[in-house]
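S.K.: Predicted model follows, preceded by the sequence.
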Amino acid sequence: MSDESASQDLSALAARAISAPLVTHIYTADPSAHVFDGKIYIYPSHDIEGGVPFNDNGDHFCMEDYHVFRMESPESEAVDCGVALHVKDVPWAERQMWAPDAAQKDGRYYLYFPAKRSNGLFQIGVAVSDRPEGPFAPEPEAIVGSYSIDPAVFADDDGAHYMYFGGIWGGQLQKYRDNAFHESNEEPTPEEPALGPRVARLSEDMKQFAEWSHEIVILDEAGQPLRAGDHDRRYFEGPWMHKHQGKYYLSYSTGDTHLLCYATSDHPYGPFTYQGRILTPVVGWTTHHSIVAVGDQWYLFYHDSILSGGVTHLRSIKMAKLEYDAEGRILCQDPYGA
Ligand code: FUB
């Protein structure tokens, strides 16, 4: 396809898009949204052009800091609250500040973020602030027992907080079994059960795991674990947990098939049963989201690469209403309204 017809295609998709970028002065991705103190706070990645060539490890995602965005309401503008944390201020981290999340407890705010150490391995750290927008002061070391990427912290009704995390390929989850790293570990074969995300309850002070992380199993309609070869349904990265009408909804990206899917359970540790798709592919390789209720209305926060003309590592965060049917099934959306 010529450059001209590619840009015409993108213009047509942009015209049909179900929502516009929330932020246009910088590139942002992986939006983790929360309602804190009656306002919407969004904790995204801050995409930059670092000049690193594209590869399957995602080295071109070479982000250095985080900005937090505040919205007074779903209709208002997303205000940039400035730099909330920079990698140069995190003693254990060297590079690649990927998708973060945040939590609130007892008037303090916790920013959870993955980054690579100088040995090239991802871990997850935490930084603390008295304000939801930061700036956040990082703990001197990463969370003990953490690894891989994409932390998502869920506050259950009983006050317990759980961190869901992990991503395969560039996210390195395939290198771990039973919380131990082995360089020779790889993804399971296509007929073996797929790797699931990890979950660990957080300690009372929100700064450590209160237990070793457990693997989450996602079952198919016959009660069998999804297979590693089932690329349209198996877990890849970007976990998110929310609770709707008493059920736990685990949603995630299928990575190389570019779908957002979900599975449900009666327990935060699962097992979860696969239910279906939430969002069909966006422009750009990655798809990553969060789901949050603002009053009675649920919203999906996601990203695409339309604003950058399709550059996969220069993304823009967006939001759209999310609807359920009478049985609690999430209605799947096409980001370009087809
Ligand atoms: O933003 C870097 C990585 O891309 C995230 O950690 C993944 O979920 C994917 O969106």
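M.R.: Received, thanks.
S.K.: mind listing what the residue at minimal distance from the centre of the chain touches?
M.R.: By CA atoms, centre = their mean, the chain has its centre lying nearest to residue 238, at 3.7 Å. By CB atoms under 8 Å, 6 or more residues apart in numbering, the contact list for residue 238 reads 30, 99, 150, 152, 167, 252-253, 260, 286-289. For every residue, glycine as well, the C-beta is placed using N, CA and C.
S.K.: could you redo the last one with a cut-off of 7 Å?
M.R.: 99, 150, 167, 252-253, 288-289 (CB atoms under 7 Å, 6 or more residues apart in numbering).
S.K.: Check these and tell me the two furthest apart.
M.R.: 167 and 289 (13.6 Å; CB to CB).
S.K.: quick one: strands adjacent to the helix or strand hosting residue 291?
M.R.: Assigned by DSSP states H and E, residue 291 falls within strand 290-294. Sheet pairing for strand 290-294, assigned by DSSP bridges, gives strand 297-304 (antiparallel).
S.K.: Using CSV, write down the CA coordinates of the partner strand.
M.R.: Written as CSV, here are the backbone C-alpha positions of strand 297-304 (Å, rounded to 0.1, in the frame of the first residue of the first chain):
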residue,chain,number,x,y,z
GLN,A,297,-22.1,4.4,33.9
TRP,A,298,-19.2,2.0,33.1
TYR,A,299,-16.4,3.2,30.9
LEU,A,300,-13.7,1.5,28.8
PHE,A,301,-10.3,3.4,28.6
TYR,A,302,-8.1,2.2,25.8
HIS,A,303,-5.6,3.5,23.2
ASP,A,304,-4.8,3.5,19.5
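S.K.: Going forward, the N-terminal residue is numbered 10.
M.R.: Sure thing, new numbering starts at 10, so read that last one as strand 306-313.
S.K.: which residues sit against it?
M.R.: Outside strand 306-313, the residues that touch it by CB under 7 Å, 6+ apart are 38-40, 42, 51, 83, 287-288, 291-293, 296-301, 324-331, 344.
S.K.: what about the helix or strand following it, distance to the chain center?
M.R.: Using DSSP H and E, the next helix or strand after strand 306-313 towards the C-terminus is strand 325-331. Centroid displacement of strand 325-331 relative to its chain, using CA atoms, centre = their mean, to the nearest Å, is 14 Å.
S.K.: How about stretch 26-38?
M.R.: 16 Å.
S.K.: Could you list the buried residues of the strand holding residue 300?
M.R.: Of the residues in strand 299-303, 299-301, 303 count as buried by neighbour count, 16 or more other CB atoms under 10 Å.
S.K.: can you check stretch 177-193 too?
M.R.: So for stretch 177-193, counting by 16+ other CB under 10 Å, buried means 177, 179-185.
S.K.: related to what we said a few turns ago, buried ones from the contacts of strand 306-313, can you make that a PyMOL selection?
M.R.: The buried residues among the contacts of strand 306-313 can be selected in PyMOL (16+ other CB under 10 Å) with this line:
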select buried, resi 38+39+40+42+51+287+288+291+292+293+296+297+298+299+300+301+324+325+326+327+328+331+344
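S.K.: Keep the contacts of strand 306-313, but drop any that are not near the ligand.
M.R.: 38-39, 297 (CB under 6 Å from any ligand atom).
S.K.: Counting only helices, which of those make the cut?
M.R.: Of these, none are assigned to helices by DSSP state H.
S.K.: Can you tell me which of the residues you listed comes closest to the ligand?
M.R.: Nearest to the ligand out of those is residue 297 (CB to the nearest ligand atom; 3.7 Å).
S.K.: Wait, that closest one touches residue 264, no?
M.R.: No: counting by CB atoms under 7 Å, residue 297 does not reach residue 264; the two are 10.0 Å apart.
S.K.: Up against the ligand, what does the stretch 10-159 of the chain have?
M.R.: So the stretch 10-159 of the chain meets the ligand at 38-39, 54, 70, 107-108, 158-159 (CB under 6 Å from any ligand atom).
S.K.: residues contacting residue 294?
M.R.: Counted by CB under 7 Å, 6+ apart, residue 294 has contacts residue 321.
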